[in-house]
Each structure stands twice: as C-alpha cells, then as structure tokens.
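1. Sequence first, then the predicted structure, then my questions.
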Amino acid sequence: MAKKKQKATTTIKECHQGTIDIGSVIVENGNRLIISGGGHGKQLNLTNTDLLIDLASTVDDTIVLNKAAQANESLSKITNYTMPAIEISWRDYGIPALNKEFWHHLVSSLKAFAAERKEKTTMVTFCCQGGHGRTGTALTIVGALLGLNKDDPVEWLRSIYCAKAVESETQIKYISNILQIPITAQPAKIPVIQTWSAKSFDKGVVTKSIPQTLPYTREEIDALNKIYFQGKPQLA
C-alpha cells in the first residue's frame, strides 16, 4: 500500500523574549554584521547592541550635559560613549513613509558601519514596543535584502524569531512592495487576551474610564505599566 505524502510544515517559533539574533553576514574587512530584534515590553536586552534602530519613538539620550559641561572640552567627550541610535517614526500596526530605495540604502549603510569598526562583530538591533508588527516588518525586509532567507520572508522570520511577527495586512503588502515579490503569509493572528480601560485622573480622582481592546497579554500589559506608568495612571 502506497504511503501518503506528508505536507511540508513550517516550524513557528513561540513569542519571543529578550533580544533575538535573526542572522549575520560577512562584510568588508571580514567583519560580521549581526541583525537582531526585540520589544521594549518583551525584556529587550541591549547589552551587546552596537546600533539601535528604534521604531517606537522611545529613544532618549542617556547622557545630558548642560551648557557649562558642553563648554568643557574634557566633559563634552563623555557623550562619545553613548550608543548610536536611529529613530524612525512608525505608527503601531501601520507602515512607515519609506520607499524601497531607503531600505536598500539602510542595508548598505549598515554594512559600511560594520566594516568601518575596529570590532570584528557589530550587532544592529531593531525594536518597537512589542517587537511584533513594526520590528517584524523591518526584520523581514532587512533579512531578505541581506540574503538571509530564500523562501517566504515572513514565514522565515516567524520560524526563527516570533510567531506574532508582522501583524497587519498593510504590513504584508508593504513588505511585498518593497521586496517586489509575492507574499503568501497572512497577518499574524494576535489573540485579544484582555480588555483594559484607559483612566483619566484629575487630582488623584478617576474622572472617566475608556474601554479599549488591545492585542496584549497580561504579561505585556504589566511590562508596559512598569515602563511607562511608574507612579501614574495604569492600564487596568
């Protein structure tokens, strides 16, 4: 009796935590460029990051000098030790106002940045809040342009990074347009775990409660509270 052929299946990685490397390439001078991603609300770890590309508009200078310190030659050099960071304006669940030329130039610039450094390895980390939609879209495009995958780039990223990567139909279409290839993957189905209320406070008194339904787990909501709402109104 002939055996039935089994359909090929794609391994889907569970939701990510921390900073995940998705691959690397060798650039000029034999240096290695590593691409990674994560989310501020998913225990993002920047310990080994050399360049941060933040898609959630959360970049702040970690060192701020007043005018007197800036005027001092020795003190002004302190800022040379901060991590380079690029901030891209990008609405949650949406797409950026960036064309394919930008992405090709970005990849070329990242290669050049890695090649110019004395260190043999350079890690570039993409991040947003959850590390799913915006980060997933960026990692998919950059990974494809670096030649890290040969199949459906979205399914590839989900298999090594996170099952929830690339959240909306708009993001799927954007990836297809930038890479000029058809994308068969569907938007990630993010289960709505909890409905929370946005609370307005006036002198410590709740004045109104606006119910919102967001695709965040209880764990992610707790992480958001810890980051953004210390001593302030919190997500329920």
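-> Happy to help now that I have it. If you're wondering where the values come from, they're calculated on a predicted model, not measured in any experiment.
2. and the helix or strand His105 falls within, which residues are buried?
-> If you go by DSSP states H and E, His105 is part of helix 100-116. For helix 100-116, a neighbour-count test (16 or more other Cβ atoms under 10 Å) marks Trp103, Leu106, Val107, Leu110, Lys111, Phe113, Ala114 as buried. Using the backbone N, CA and C atoms, a C-beta is placed for each residue, glycine as well.
3. what's the span of stretch 55-71, first residue to last?
-> 32 Å (Cα to Cα, to the nearest Å).
4. outside of it, which residues touch it?
-> 40, 52, 75-76, 78-79, 81-83, 85, 87-90, 92, 96, 126-129, 134-135, 138 (Cβ atoms under 8 Å, 6 or more residues apart in numbering).
5. next one: it to chain centre, how far?
-> 22 Å (Cα atoms, centre = their mean, to the nearest Å).
6. related to what we said a few turns ago, how far is the helix or strand following the helix holding His105 from where the chain is centred?
-> Per DSSP H and E, helix 100-116 leads on to strand 121-128 as the next helix or strand towards the C-terminus. How far strand 121-128 lies from its chain's middle: 9 Å, per Cα atoms, centre = their mean.
7. Just the buried ones from the contacts of stretch 55-71, in ChimeraX syntax?
-> Of the contacts of stretch 55-71, the buried ones can be selected in ChimeraX as follows, counting by 16+ other Cβ under 10 Å:
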select :40,52,85,88,90,96,126,127,128,129,134,135,138
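8. what about the strands in this structure?
-> With DSSP state E, the ranges of strands along the chain come out as 20-26, 32-39, 51-54, 85-87, 121-128, 194-202, 205-214.
9. Torsion angles phi and psi at Trp90?
-> phi -150, psi 110 (degrees, to the nearest 10).
10. who touches the helix holding His105?
-> 25, 27-29, 31-33, 35, 51, 122, 124, 141-142, 145-146, 177-180.
11. That one versus strand 121-128: what angle between them?
-> On the basis of axes from the mean of the first three to the mean of the last three Cα atoms, to 10 degrees, helix 100-116 is oriented at 140 degrees to strand 121-128.
12. Could you list the domains of this protein?
-> Listed domain ranges for the chain are 20-179, 194-228 (source: automatic domain parsing).
13. Packed most tightly, which of those domains would that be?
-> Of all the domains of the chain, domain 20-179 has the most neighbours on average by mean count of other Cβ atoms under 10 Å, namely a mean of 18.
14. Next one: Leu148 relative to Asn66, how far apart?
-> Taking Cβ to Cβ, to the nearest Å as the measure, Leu148 falls 44 Å from Asn66.
15. before we move on, what about Lys42?
-> 35 Å.
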